[in-house]
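Enquirer: this one's sequence-less:
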Ligand code: CP3
């Protein structure tokens, strides 16, 4: 389940308070390993998701990143070409070492049938936060920057591509079974920009990763890609794609599931609603994707107010209980 470790769990909220700050939680392997395992103990999901955040890369590049309670992430925005060129070319791996240690701590605590999933943010999405300094409704600041200063923006994307290759390679070395590339803000890009800032960097990351780790398994998640998802799977050599809840399932079945595995795509609000609405939504997804490779999941992250009983109901339904 996307964002399966998080605020909807009381055991998470307790540890989050104990850690003090969100980044402390991410960079303390004992805490991060515990949070990674919490949803596995409770729900026996098929996959444990490394507990971290996509914004650890800007943090490791020296940008100030804060997570204010109830506000989401806040970064000191990059507003000029000079600010981009001042970023180091390579992140200091000592900063990321605790994350690899979390993976090494979690791995032996999982049984053989539970996958360990690593991840990183896709360059476009990470860049949108680096430029705007926060999430906005349509990530206009980064879109504008990319139109006005495409060369500088490309240098930022290149840095993120190179660092993501190293970061994901090291996650595999530490023990993950597969990784997901989160392009949460892919859907705000028009087709040509989608190709340039979402598809091309993702392809470079997967190719680069496989030069170090041939056969490394990668799930792409260009959220909101719509019909561009067909171009994405044609060009980015992923093993699977995650699909958001807005996607047309007939299109995904015919054009996507025929090439790669599909993961998704329950509306997190259907999970929040629960009851018959949830049952119907689960059944229709299982029906629509039954004839090809499929991983049941949410179409985006679980909402913090989701009742635990609804997660249990969803799981029982998916597992035929
Ligand atoms: O089980 C898991 O999936 C947990 C690991 C995880 C987190 N963030 C923990 C987290 C993962 C895979 C992410 C990815 C992430 N982070 C994305 C891409 C996926 C997506 O959901 O779109 C993005 C865009 C971010 C950046 C980010 N981090 C945002 C926008 C927020 C605020 C979210 C909110 O609901 O307030 C965060 C904080 C964050 N990352 C939380 C968690 C559990 C909540 C922090 C808290 O208050 O404890």
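Expert: Okay, I see it. Bear in mind the structure is a predicted one, so any value in this text is a computation, not a measurement. Numbering: from 1, shown residues only.
Enquirer: roughly how far is the helix ranked longest in the chain from the heart of the chain?
Expert: Looking across the chain with DSSP state H, the single longest helix is helix 150-174. Here helix 150-174 shows a centroid-to-chain-centroid distance of 15 Å under the convention C-alpha atoms, centre = their mean, to the nearest Å.
Enquirer: swap in stretch 241-258?
Expert: Offset of stretch 241-258 from its chain centre (C-alpha atoms, centre = their mean): 18 Å.
Enquirer: which of the residues in it are buried?
Expert: By 16 or more other C-beta atoms under 10 Å, the buried positions in stretch 241-258 come out as 241-245, 247, 249, 252-253, 255-257. (C-beta placed from N, C-alpha, C; glycine too.)
Enquirer: so how far is the helix-or-strand element of the chain with minimal mean pLDDT from its chain's centroid?
Expert: Ranked by mean pLDDT, DSSP states H and E, the weakest helix or strand in the chain is strand 65-68, scoring a mean of 92. Its chain's C-alpha centre and that of strand 65-68 lie 18 Å apart, by C-alpha atoms, centre = their mean.
Enquirer: For the helix or strand following it, which strands pair with it and how are they oriented?
Expert: Downstream of strand 65-68, the first helix or strand assigned by DSSP states H and E is strand 72-75. Sheet pairing of strand 72-75 (DSSP bridges) gives strand 65-68 (antiparallel).
Enquirer: I would like the residues contacting the partner strand, please.
Expert: Applying C-beta atoms under 8 Å, 6 or more residues apart in numbering, the contact partners of strand 65-68 are 21-23, 53, 55-56, 58-59, 73-75.
Enquirer: try it again with 10 Å
Expert: For strand 65-68, contacts defined as C-beta atoms under 10 Å, 6 or more residues apart in numbering pick out 16, 21-23, 25-26, 53, 55-59, 73-76, 129-130, 133-134.
Enquirer: Same check on stretch 137-152?
Expert: Stretch 137-152 is contacted by residues 77-85, 124-134, 136, 153-157, 184-185, 187-190, 193, 196-197 when judged by C-beta under 10 Å, 6+ apart.
Enquirer: Can you select the buried ones from the residues you listed in ChimeraX?
Expert: Of the contacts of stretch 137-152, the buried ones go into a single ChimeraX selection, burial set by 16+ other C-beta under 10 Å:
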select :77,78,81,83,84,124,125,126,127,128,129,130,131,132,133,153,154,155,156,157,184,185,187,188,189,193,196,197
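Enquirer: So the next helix or strand after the longest helix of the chain, near the ligand or not?
Expert: Once helix 150-174 ends, the next helix or strand along the chain (criterion: DSSP H and E) is strand 178-183. Yes: applying C-beta under 6 Å from any ligand atom, one finds strand 178-183 touching the ligand at residue 182.
Enquirer: Mind checking what helix or strand follows strand 178-183 in sequence?
Expert: Criterion used, DSSP H and E; the element after strand 178-183 is helix 191-193.
Enquirer: Contact residues of the stretch 151-300 of the chain facing the ligand?
Expert: Contacts of the stretch 151-300 of the chain with the ligand, taken as C-beta under 6 Å from any ligand atom, map to 182, 184.
Enquirer: now the strands for the stretch 151-300 of the chain?
Expert: 178-183, 218-222, 240-243, 261-266, 294-298 (DSSP state E, counting those that start in this stretch).
Enquirer: possible to save those as CSV with distance to residue 102 and mean pLDDT?
Expert: Output for those, formatted as CSV (distance: least, C-beta to C-beta, whole Å; pLDDT from 0 to 100):
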stretch, distance to residue 102, mean pLDDT
strand 178-183, 14, 98
strand 218-222, 19, 98
strand 240-243, 22, 98
strand 261-266, 23, 98
strand 294-298, 22, 98
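Enquirer: re earlier: give me the subset of the contacts of strand 65-68 that also touch the ligand.
Expert: Restricting those to those near the ligand by C-beta under 6 Å from any ligand atom leaves 16, 22, 53, 55, 73.
Enquirer: Restricted to helices, list those.
Expert: In helices, judged by DSSP H, the following of these are found: 16, 22.
Enquirer: quick one: which of the ones next to the ligand among the contacts of strand 65-68 is nearest residue 30?
Expert: residue 16 (14.0 Å; C-beta to C-beta).
Enquirer: Without its sequence neighbours, what residue ends up closest to the closest one?
Expert: Using C-beta to C-beta, 6 or more residues apart in numbering and skipping residues adjacent in sequence, the residue nearest residue 16 is residue 25, 5.9 Å away.
Enquirer: centre of the chain versus the helix or strand hosting the one you found, how much separation?
Expert: Residue 25 belongs to helix 22-27 when assigned by DSSP H and E. Here helix 22-27 is found 17 Å from its chain centre; the criterion is C-alpha atoms, centre = their mean.
Enquirer: All set now, cheers.
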